[in-house]
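A.B. asks: sequence plus the predicted model coming up.
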Number of protein chains: 2
Amino acid sequence: MSEQMTPKGHDELEVARMEKELRYISAIIKHNGRKILKNYTITPPQFIALQWLFEHGDMTIGDLSNKMFLAFSTTTDLVDRMENNNLVKRLRDDKDRRVVRIHLLSEGERVIEEVIHKRTAYLNAVLSDFDKEEVIQFSHLLTKLHEAMNKDSLKD
Amino acid sequence: MSEQMTPKGHDELEVARMEKELRYISAIIKHNGRKILKNYTITPPQFIALQWLFEHGDMTIGDLSNKMFLAFSTTTDLVDRMENNNLVKRLRDDKDRRVVRIHLLSEGERVIEEVIHKRTAYLNAVLSDFDKEEVIQFSHLLTKLHEAMNKDSLKD
């Protein structure tokens, strides 16, 4: 077999280091995210749901379940609670009345914008020792990794 | 005030993009990590505890609680269950008998090594479109971010 046909991947040690750093960074971001949410009435899963609706627009419960890797029934309960708190509402599709989409309400938008803003402010503070070029390069590499992960997940 | 005294931070849009990418990447890594754990008897918090003991050595329950951002009692329960499953054992300090440290047993080490290896293999596969230089640069930026986050957390 030619070398091209047997991609051995990157240096194990380098990738192991990356895996480790991503693992620790994710844990710190999660912890910091929870600290930010303490000033709000939403829970971590509600934050994730609001994030999807805010950044990707109205979604059916099925779509939201898939994006959040949650069971349909769990997502339904989540949406019920957010609807009770006036963060979202269910909207019936004009063209196909059988389709119901979850729509972000102004209070939901206000909360998610504030929380994301605080997360960004935290990251900006933490990046104070990075120069401008590093931030641009970092952002580019993260976008590329995210795209590669999305592409990989389609293989399942 | 001079410009030096008023650090305005990086471009908001660039950092907002980074925050968003880190958020989505963390979610995918979390989901993939859970899929890997399905083949093992350990839970996600047990994975985190084993990770700390594997990568940082024996620790008291107090240290482990701090690292995991968990209550002392929650960590005690976690350690009890891992001790019952022969993943770890409690060791009394030779010099100060009042100090008890959690020590990784061979079965715990086997499991954590396997799980981390599978996580690294996933990352290596996902990085197939990255060239060698990008991986080295990425790894360096993640290490730098992790260090900056650790430094920031000391301010609390």
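C.D. replies: Yes, it's here. Numbers count the residues shown, from 1 in each chain, chains lettered A, B, ... in the order given.

A.B. asks: count the neighbours of residue A:87 for me.
C.D. replies: Residues near residue A:87, counting by other CB atoms under 10 Å in any protein chain shown, number 25. Glycine gets a C-beta too; all of them are placed from N, C-alpha and C.

A.B. asks: just the pLDDT for residue A:74.
C.D. replies: Listed pLDDT for residue A:74 reads 97.

A.B. asks: quick one, phi psi at residue A:59?
C.D. replies: Backbone torsions for residue A:59, taken as degrees, to the nearest 10, come to phi -140, psi 150.

A.B. asks: ok, for it, nearest residue in space, not its chain neighbours?
C.D. replies: Once flanking residues are discounted, residue A:59 sits nearest to residue A:102: 5.7 Å by CB to CB, 6 or more residues apart in numbering or on different chains.

A.B. asks: who does that neighbour bridge with?
C.D. replies: Beta bridges link residue A:102 to residue A:59, residue A:90 when assigned by DSSP bridges.

A.B. asks: so it sits right up against residue A:58, yeah?
C.D. replies: Yes. Using CB atoms under 8 Å, residue A:102 is in contact with residue A:58, at 6.4 Å.

A.B. asks: and for these two, which residues touch both?
C.D. replies: Listed as contacting both residue A:102 and residue A:58 by CB atoms under 8 Å, 6 or more residues apart in numbering or on different chains are residue A:91.

A.B. asks: give me the below-cutoff pLDDT ranges for chain A.
C.D. replies: By pLDDT under 70, the weakly predicted segments of chain A are A:1-8, A:156.

A.B. asks: what's the angle from the lengthiest helix in it to helix B:12-37?
C.D. replies: The longest helix of chain A (DSSP state H) is helix A:12-37. Here the directions of helix A:12-37 and helix B:12-37 differ by 110 degrees (axes from the mean of the first three to the mean of the last three CA atoms, to 10 degrees).

A.B. asks: hang on, the earlier thing: look at the residue nearest to residue A:59 and say how many residues are nearby.
C.D. replies: Residues near residue A:102, counting by other CB under 10 Å: 26.

A.B. asks: same question, residue A:130
C.D. replies: Residue crowding around residue A:130 was assessed by other CB under 10 Å; the count is 18.

A.B. asks: distance check, it against residue B:16.
C.D. replies: 15 Å (CB to CB, to the nearest Å).

A.B. asks: could you pull out the strands in chain A for me?
C.D. replies: Counting by DSSP state E, chain A has strands at residues A:88-92, A:100-104.

A.B. asks: so what's residue A:65 up against?
C.D. replies: With contact taken as CB under 8 Å, 6+ apart, residue A:65 is in contact with A:71-72, A:74-75.

A.B. asks: 7 Å - rerun?
C.D. replies: Neighbour list for residue A:65: A:71-72, A:75 [criterion: CB atoms under 7 Å, 6 or more residues apart in numbering or on different chains].

A.B. asks: quick one: the longest helix of chain A near chain B?
C.D. replies: Yes. Interface with chain B: helix A:12-37 contributes A:12, A:14-19, A:21-22, A:24-26, A:28-31 (CB under 7 Å from any CB of the partner chain).

A.B. asks: go on, stretch A:104-112?
C.D. replies: No. Figure legend: stretch A:104-112 not in contact with chain B (CB under 7 Å from any CB); closest approach 11.8 Å.

A.B. asks: tell me which residues of that stretch come out buried.
C.D. replies: Buried residues in stretch A:104-112, counting neighbours by 16 or more other CB atoms under 10 Å in any protein chain shown, are found at A:104-105, A:108, A:111-112.

A.B. asks: likewise for stretch A:123-139?
C.D. replies: For stretch A:123-139, by 16+ other CB under 10 Å, it's A:123-124, A:126-127, A:130, A:134-139.

A.B. asks: ok, now stretch A:76-83?
C.D. replies: So, applying 16+ other CB under 10 Å, buried residues of stretch A:76-83: A:78-79, A:81-82.

A.B. asks: max pairwise distance over the residues you listed: which two?
C.D. replies: Greatest spacing in those, by CB to CB: A:79 and A:81 (7.4 Å).
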